[in-house]
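A.B. asks: The sequence and its predicted three-dimensional model are supplied below.
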Amino acid sequence: MISIKNVSKWYGQFQVLTDCSTDIQRGEVVVVCGPSGSGKSTLIKTVNGLEPFQQGDITIDGLSLTDKRTNLAKLRSKVGMVFQHFELFPHLSITQNLTLAQIKVLGRSSDEATQKGLALLDRVGLKDHADKYPAQLSGGQQQRVAIARALSMDPIAMLFDEPTSALDPEMINEVLDVMVELAQEGMTMMCVTHEMGFARKVANRVIFMDRGAIVEDDQKDAFFAHPKSDRAKEFLAKIL
Ligand code: ADP
Ligand code: MG
């Protein structure tokens with residue numbers, strides 16, 4: 001579903017990604033972890049075409065991000081992205097947040113978009129909040145809306161960049177529960193997170209990044225039982 005091949009990226013002289021390669025199969029859940037500044041956000045943004053890269057290639061569902069014939073906007077609309085900060089539109093109601101892109105990008109009717117949006121809101125446990133504005137919801141609730149909004153586009157894969165790290169501890173699980181459900185339903189997911197409970201529960205693979213490189217890319221059990229590199233061992237010792 002997602003193929004990352006020898007991707008390197010520089011900011012000026014600074015190399016932020018070094019020869020990153022991995023393949024994510026349909027239905028696979030891959031957790032990306034690693035120290036702060038190791039390039040996790042940059043990597044996940046390149047997958048969604050939000051960050052250009054100078055070397056290598058990424059294909060999504062067979063379409064190459066570097067092929068000029070690929071319609072990037074369309075491809076991006078098929079890959080859902082959820083960020084650390086919820087990035088809902090503050091001046092729009094929850095329903096409007098859930099329907100805007102469906103109407104503008106997918107050309108759905110307002111009725112169809114609303115129906116879909118409300119069904120997804122129900123699915124993330126927030127159906128009574130449709131007419132509120134983002135500021136009236138807790139962080140955990142806003143993040144669940146952000147996930148519902150991404151799902152409203154019928155994505156073929158979902159990318160998460162530390163979706164729970166800005167949340168108060170008591171709200172983390174309500175967001176992780178939604179992600180676990182998605183994973184169990186077979187969604188293809190690439191998740192930057194340090195929630196190792198989540199990784200243990202639903203990840204197929206864990207990628208460990210350090211200084212812009214993918215240092216480990218292993219089946220979950222192997223990663224937790226025998227991290228190969230000292231850097232991954234140190235990292236796990238710190239967060240577990
Ligand atoms: P992570 O998500 O693992 O914390 P990032 O991908 O955000 O790491 O950042 C990787 C490195 O790239 C960091 O050293 C960061 O300072 C640098 N970086 C990120 N964005 C930019 C930018 N727009 N310009 C220059 N350097 C950047
Ligand atoms: Mg980051």
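C.D. replies: Sure, I can see it. Residues are numbered from 1 along each chain as shown. Ligands and ions are numbered 1, 2, ... in the order given.
A.B. asks: CA atoms only for the host helix or strand of residue 238, dumped as CSV, please.
C.D. replies: Taking DSSP states H and E as the criterion, residue 238 maps to helix 230-239. The C-alpha coordinates for helix 230-239 follow below in CSV (Å, rounded to 0.1, in the frame of the first residue of the first chain):
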residue,chain,number,x,y,z
ASP,A,230,22.0,0.0,21.5
ARG,A,231,20.1,3.2,20.6
ALA,A,232,16.8,1.4,20.5
LYS,A,233,17.6,-0.4,23.7
GLU,A,234,18.4,2.9,25.4
PHE,A,235,15.2,4.4,24.0
LEU,A,236,13.0,1.6,25.2
ALA,A,237,14.7,1.6,28.6
LYS,A,238,13.7,5.3,28.9
ILE,A,239,10.1,5.1,27.9
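A.B. asks: List of residues touching it?
C.D. replies: 33-35, 194, 196, 208, 210, 215-216, 223-224, 227 (CB atoms under 8 Å, 6 or more residues apart in numbering). To be clear about C-beta, it is placed using only N, CA and C from the backbone, and glycine gets the same treatment.
A.B. asks: Now the element after the helix or strand of the chain at the bottom of the mean pLDDT ranking, going C-ward?
C.D. replies: Ranked by mean pLDDT, DSSP states H and E, the weakest helix or strand in the chain is helix 72-77, scoring a mean of 86. Next along the chain after helix 72-77, taking DSSP H and E as the criterion, comes strand 79-82.
A.B. asks: that older thread, for the helix holding residue 238, list every residue counted as buried.
C.D. replies: 231-232, 235-236 (16 or more other CB atoms under 10 Å).
A.B. asks: separation between residue 121 and residue 93?
C.D. replies: Applying CB to CB, to the nearest Å, the value for residue 121 to residue 93 is 11 Å.
A.B. asks: average pLDDT for the lengthiest helix in the chain?
C.D. replies: For the chain, the longest helix by residue count, based on DSSP state H, is helix 169-184. When pLDDT is averaged along helix 169-184, the result is 94.
A.B. asks: Same check on stretch 89-100?
C.D. replies: Average pLDDT, stretch 89-100: 97.
A.B. asks: Residues contacting it, please?
C.D. replies: 88, 108, 110, 113-114, 116-118, 120-121, 126, 129-135, 137, 145, 148-149, 152.
A.B. asks: and what of stretch 4-15?
C.D. replies: 16-23, 42-43, 46-47, 51-59, 212.
A.B. asks: try it again with 6 Å
C.D. replies: 16-22, 53-58, 212 (CB atoms under 6 Å, 6 or more residues apart in numbering).
A.B. asks: again with stretch 44-55
C.D. replies: Counting by CB under 6 Å, 6+ apart, 7-10, 42, 58, 65, 72, 76, 79, 81, 159, 161, 192 sit against stretch 44-55.
A.B. asks: And stretch 124-140, by the same measure?
C.D. replies: Under the contact criterion CB under 6 Å, 6+ apart, stretch 124-140 has outside partners 88, 90, 93-95, 121, 141-142, 144, 148, 167, 171, 174-175, 178.
A.B. asks: what does this protein put close to ligand 1?
C.D. replies: 11, 14, 16, 34, 36-42 (CB under 6 Å from any ligand atom).
A.B. asks: what about the helices in the protein?
C.D. replies: 40-47, 72-77, 94-104, 110-123, 139-151, 169-184, 196-202, 220-225, 230-239.
A.B. asks: Which positions within the second one qualify as buried?
C.D. replies: Right, helix 72-77. Quick answer for helix 72-77 (16+ other CB under 10 Å): 75-77.
A.B. asks: same check, this time on the longest one
C.D. replies: If you call a residue buried by 16+ other CB under 10 Å, then helix 169-184 has these buried ones: 171-176, 178-180, 182-183.
A.B. asks: mind checking how far residue 235 is from residue 143?
C.D. replies: Residue 235 is 25 Å from residue 143, by CB to CB.
A.B. asks: All set now, cheers.
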